[in-house]
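Peer 1: Sequence unavailable; structure follows:
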């Protein structure tokens, strides 16, 4: 699907982190995977859980709870990995996002998405593209391209190289 066509779609995948509900544009979500073993990579940042093998490719996995400053959660039967596509410095990268549970795909019209709250200059919320209300509950609509930063891109590339080097030695 072309980039312009993806932007016209007004469907969002909602998921939970703790008691909070977040949403990502479906055009960014490639797959939803059941939880599986994640290979840890030494000296990776705390939110980088490690890597998994996805059809012969190294896929870095980020724990969104830790990335957002929440406490890490125990994995349950609803814990899963969202495989998403993020655009970073003109690179398209595939990343796994560890989430507590996937909820549903919801159609949300653009006019229903309110601007994100202004919390002050110390709290950076630029990765929240907006807020929307569904059944009296607020959803935070994320901009995955801003959730994954350029520092993450460097870490992702290092994780991929480390895993590939390890696999060659094994």
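Peer 2: Yes, it's here. Bear in mind the structure is a predicted one, so any value in this text is a computation, not a measurement.
Peer 1: Buried ones in stretch 102-115, by neighbour count?
Peer 2: 102-103, 106, 108, 113 (16 or more other C-beta atoms under 10 Å). The C-beta positions use only the backbone N, C-alpha and C, and glycine is treated the same way.
Peer 1: Same question for stretch 34-48.
Peer 2: For stretch 34-48, by 16+ other C-beta under 10 Å, it's 38-39, 41, 44, 47-48.
Peer 1: What sits closest to the residue nearest the centre of the chain if chain neighbours are left out?
Peer 2: Against the mean C-alpha coordinate of the chain, by C-alpha atoms, centre = their mean, the closest residue is residue 97 at 4.1 Å. Excluding its sequence neighbours, the residue lying closest to residue 97 (C-beta to C-beta, 6 or more residues apart in numbering) is residue 82, at 4.5 Å.
Peer 1: from the chain's centre, how far out does the helix or strand hosting that neighbour sit?
Peer 2: Using DSSP states H and E, residue 82 sits within strand 80-88. Relative to the chain's own centre, strand 80-88 is displaced by 5 Å; criterion: C-alpha atoms, centre = their mean, to the nearest Å.
Peer 1: what does stretch 105-122 give?
Peer 2: 17 Å.
Peer 1: Run through who's touching that stretch.
Peer 2: Contacts to stretch 105-122, defined as C-beta atoms under 8 Å, 6 or more residues apart in numbering, come from residues 10-14, 23, 26, 125, 128-134, 139-141.
Peer 1: Filter these down to the buried ones.
Peer 2: 12-14, 23, 26, 128-132, 134, 139-141.
Peer 1: tell me the pLDDT at residue 164?
Peer 2: Residue 164 is assigned a predicted lDDT (pLDDT) of 64.
Peer 1: now the one 5 residues further on
Peer 2: In this prediction, residue 169 carries a pLDDT score of 65.
Peer 1: And residue 15, by the same measure?
Peer 2: For residue 15, pLDDT reads 96.
Peer 1: now residue 6
Peer 2: The model's pLDDT for residue 6 equals 52.
Peer 1: re earlier: ok, then the element right after the strand holding residue 82?
Peer 2: Criterion used, DSSP H and E; the element after strand 80-88 is strand 91-99.
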